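A.B. asks: A predicted structure for the sequence below; I have some questions about it.
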Amino acid sequence: MLRDITIGQHFPGTSLVHRFDPRMKLVLTIVYIVLLFAASNPLGLTLSILFLALMYKVAQIPFKMILKSLKPILPIVVFTAVLNLFFVSGEGDPLVKLGFLTIYAEGVRYAVLMAVRVMALIAGTSLLTYTTSPIVLTDAIEQLLKPLGRLHFPVHELAMMMSIALRFIPTLIEETDKIMNAQKARGAQLDTGKMLDRVKALVPVLIPLFISAFRRADELAMAMECRCYRGGEGRTRLKVLRCTKQDYIDLAFCIVCFAVIVPVGVPEFLKEHDAPLGQRTRGAFRRAPLILWTPLTPDEKGAARPFQTPKLKSERKKLALRQSALSPDAFCVLPI
């Protein structure tokens, strides 16, 4: 299971995606993530996934590896889908009603779209690490954030920390697998029993893992110190990043693909977010209480008590209209 996680790994190759300029690749990845969440209809999301599948095909990365890498995030995808399924309300009659939980057709639509978005997000960001080495990715991040250096922002240190973190993800996963196999050989039950017992059984795994991670970090820092590594200003590079004609052609192709996706999926997203708040939530707050601010009146003993709302419906409506200015003294809750 742990060996199927390929997040942070680099697969060397000579494809167009591998030879693409890492700075443009990083910027296009961010644009793709924004476009992925801006596409609010199935057609726009489908076009985004087709574009991602084309990039994987050009990079010559097998789809079986992608499916294996998506297995560890399935619990997150299911949890996100369940939240959208039960907490997004819509118009009309509910499809299923289980006590205080109701499922609308709008909730099912949002749950499916959000699950597909999360999986496409992981696959899209993984393509960046699959086709870009950590050293080249560090140089790309550093050059993109170089304008912040004038504000005394530690650009090089930040880029180095991000690249080292990505580099050590596969190493820590391999180390975790070795520790778990060693604990199982000693009779530890890591995959059986109740959930609480499984969590307790992970303690003998996490302690050696943290010790190993700290030891590796100390060894890496010592090795960089012995080689007089300073970085930042004055550092020379063996491979200087330069954009070629092929990079501009690839960039133009990606821009054309994004220009096709944007008119399909983004207009509905903009239309939905330009709508008033009541229409945008699609009835999510329709059953919420109306909170109005009303003054506090002292009782006979001098203690403050909330203003008593009228029982009649007509007087309640008049009170709501009169208190619509939201006086900041106190409040009472009036059900709609």
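C.D. replies: Sure, I can see it.
A.B. asks: what element comes up after the helix or strand hosting E106 heading to the C-terminus?
C.D. replies: Per DSSP states H and E, E106 falls inside helix 105-131. Beyond helix 105-131 on the C-terminal side, the first helix or strand identified by DSSP H and E is helix 134-144.
A.B. asks: Surely K97 is in a helix?
C.D. replies: No: counting by DSSP: H, G, I helix; E, B strand; the rest coil, K97 falls outside a helix, being strand.
A.B. asks: ok, back up a step: the helix holding E106 vs helix 134-144, what angle?
C.D. replies: Counting by axes from the mean of the first three to the mean of the last three CA atoms, to 10 degrees, helix 105-131 points 110 degrees away from the direction of helix 134-144.
A.B. asks: How many residues are close by H152?
C.D. replies: The burial count assigned to H152 is 7, neighbours taken as other CB atoms under 10 Å. All C-beta spots, glycine's among them, are computed from the backbone N, C-alpha and C.
A.B. asks: Show me what the mean pLDDT comes to for stretch 56-71.
C.D. replies: Along stretch 56-71, the predicted confidence averages to a pLDDT of 82.
A.B. asks: Figure out how far that stretch is from the centre of its chain.
C.D. replies: Its chain's C-alpha centre and that of stretch 56-71 lie 20 Å apart, by CA atoms, centre = their mean, to the nearest Å.
A.B. asks: what do you get for stretch 127-143?
C.D. replies: Taking CA atoms, centre = their mean, one finds stretch 127-143 lying 20 Å from the centre of the chain it belongs to.
A.B. asks: which parts of it are buried?
C.D. replies: By neighbour count, with 16 or more other CB atoms under 10 Å as the criterion, the buried positions of stretch 127-143 are 127-134, 136-142.
A.B. asks: Can you tell me which of those comes closest to T46?
C.D. replies: The shortest gap between T46 and any of these belongs to L127, at 18.0 Å (CB to CB).
A.B. asks: The residue lying closest to the closest one once chain neighbours are set aside - how many residues pack around it?
C.D. replies: Counting by CB to CB, 6 or more residues apart in numbering, L127 lies nearest to M55, which is 6.0 Å off, once chain neighbours are set aside. Other residues lying near M55 total 22 when counted by other CB under 10 Å.
A.B. asks: again, but for P170
C.D. replies: By other CB under 10 Å, the residues close to P170 number 17.
A.B. asks: mind checking how far the residue found closest to it once you drop the neighbours it is linked to in the chain is from L70?
C.D. replies: In space, P170 comes closest to Q9 once its chain neighbours are excluded; the distance is 4.9 Å by CB to CB, 6+ apart. Look at Q9 and L70: by CB to CB, to the nearest Å, they are 14 Å apart.
A.B. asks: Okay, now the unreliable bits of the stretch 151-300 of the chain?
C.D. replies: Counting by pLDDT under 70, the ranges of the stretch 151-300 of the chain that qualify are 231-234, 265-300.
A.B. asks: residue ranges for the helices of it, please.
C.D. replies: Remark: helices assigned in the stretch 151-300 of the chain by DSSP state H, counting those that start in this stretch are 155-185, 195-201, 203-226, 245-274, 277-280.
A.B. asks: among these, which is nearest M24?
C.D. replies: Closest of these to M24 is helix 245-274, at 5.4 Å (criterion: CB to CB).
A.B. asks: Name the helix or strand for the residue nearest to L127, please.
C.D. replies: Under the criterion of DSSP H and E, M55 resides in helix 42-59.
A.B. asks: who does the helix or strand that that helix is followed by touch, helix- and strand-wise?
C.D. replies: Counting by DSSP H and E, the next helix or strand C-terminal to helix 42-59 is helix 63-70. Contacting helix 63-70 under the criterion 3 or more CB pairs under 8 Å, 6 or more residues apart in numbering; DSSP states H and E are the following elements: helix 42-59, helix 105-131.
A.B. asks: quick one, the next helix or strand along the chain from helix 63-70 and helix 105-131 angle?
C.D. replies: Under the assignment DSSP H and E, the closest C-terminal helix or strand after helix 63-70 is helix 74-87. Regarding helix 74-87 and helix 105-131, their directions subtend 160 degrees when assessed with the same axes, to 10 degrees.
A.B. asks: which one is Y32 nearest to, not counting chain neighbours?
C.D. replies: G124 (5.4 Å).
A.B. asks: count of residues packed around the one you found?
C.D. replies: G124, neighbours per other CB under 10 Å, totals 21.
A.B. asks: swap in I261?
C.D. replies: If we define neighbours as other CB under 10 Å, then I261 has 22 of them.
A.B. asks: list the contacts for it?
C.D. replies: For I261, the contact set (CB atoms under 8 Å, 6 or more residues apart in numbering) comprises 35, 39, 44, 47-48, 51.
A.B. asks: Without its sequence neighbours, what residue ends up closest to it?
C.D. replies: Leaving aside its sequence neighbours, I261 sits nearest to L47 (CB to CB, 6+ apart; 4.7 Å).
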